[in-house]
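Engineer: Following is a predicted model, sequence given first.
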Amino acid sequence: MKIISNNKKRLTNRRKILSRVASTLAIAFVIMNVVAIFHSYKFTHFSNSKIEKTQRPEQLTFAKKIKTLFLGVDNPKPVTKMKPAGYFETIELQSNKKIECWYLNNRGSTKTYLTKGTVILCHGYGGRKVIYA
């Protein structure tokens with residue numbers, strides 16, 4: 001009888017361990033997905049303009065690094081303060097959001113240039129169009 005009861009205890013202990021491991025993995029999976037949801041939202045939406053952009057990792061405190069790790073970076077909508085030096089027109093494209101663009105041409109210029117085509121430049125994530133002006 002003791003052999004049977006020892007086997008039952010072993011099976012019960014194994015089941016408890018497997019149950020705890022499975023529960024831990026399930027909780028870790030849910031937490032990782034919640035973190036991924038926060039990060040994907042932050043990458044596809046601008047933050048409130050009153051919040052400053054997240055600093056470089058070397059400049060963050062430990063608490064801010066942990067916050068950024070779990071909640072994602074803050075990226076406020078860029079504000080264009082500079083304008084191109086030459087003649088340009090501001091164009092607004094309507095998509096699911098309003099996109100402001102500059103069309104640079106030589107109509108207002110005193111020099112005449114032979115235009116051979118159109119070039120479209122796109123700034124990267126978190127960039128501003130003024131870097132091309």
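Structural biologist: It's in.

Engineer: Tell me what I91 is bridged to.
Structural biologist: On the basis of DSSP bridges, I91 is bridged to C101.

Engineer: Tell me how many other residues crowd it.
Structural biologist: 10 (other CB atoms under 10 Å). The way it works is simple: take the backbone N, C-alpha and C, and place the C-beta from them, glycine included.

Engineer: P84 too?
Structural biologist: For P84, using other CB under 10 Å, the count is 12.

Engineer: quick one: the residue minimising distance to the centre of the chain from I37, how far?
Structural biologist: The chain has F43 as the residue nearest its centroid, 2.2 Å off, counting by CA atoms, centre = their mean. The gap separating F43 from I37 is 11 Å, by CB to CB, to the nearest Å.

Engineer: need the strands for the chain, in chain order.
Structural biologist: Secondary structure of the chain (DSSP state E): strands at 88-94, 98-104.

Engineer: Buried residues in the first one, which are they?
Structural biologist: By that I understand strand 88-94. F88 (16 or more other CB atoms under 10 Å).

Engineer: now it against strand 98-104, angle please.
Structural biologist: Using axes from the mean of the first three to the mean of the last three CA atoms, to 10 degrees, the inter-axis angle of strand 88-94 relative to strand 98-104 is 150 degrees.

Engineer: How is this protein partitioned into domains?
Structural biologist: The record's domain parsing of the chain by automatic domain parsing lists 2-71, 88-132.

Engineer: As TSV, the strands of the chain with mean pLDDT and distance to K8 would be great.
Structural biologist: TSV is the format used below for the strands of the chain (pLDDT from 0 to 100; distance: least, CB to CB, whole Å):
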stretch	mean pLDDT	distance to K8
strand 88-94	83	70
strand 98-104	79	68
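
Engineer: Ok, which of the ones you listed comes nearest F70?
Structural biologist: Proximity to F70 (CB to CB) singles out strand 98-104 among these, at 30.9 Å.
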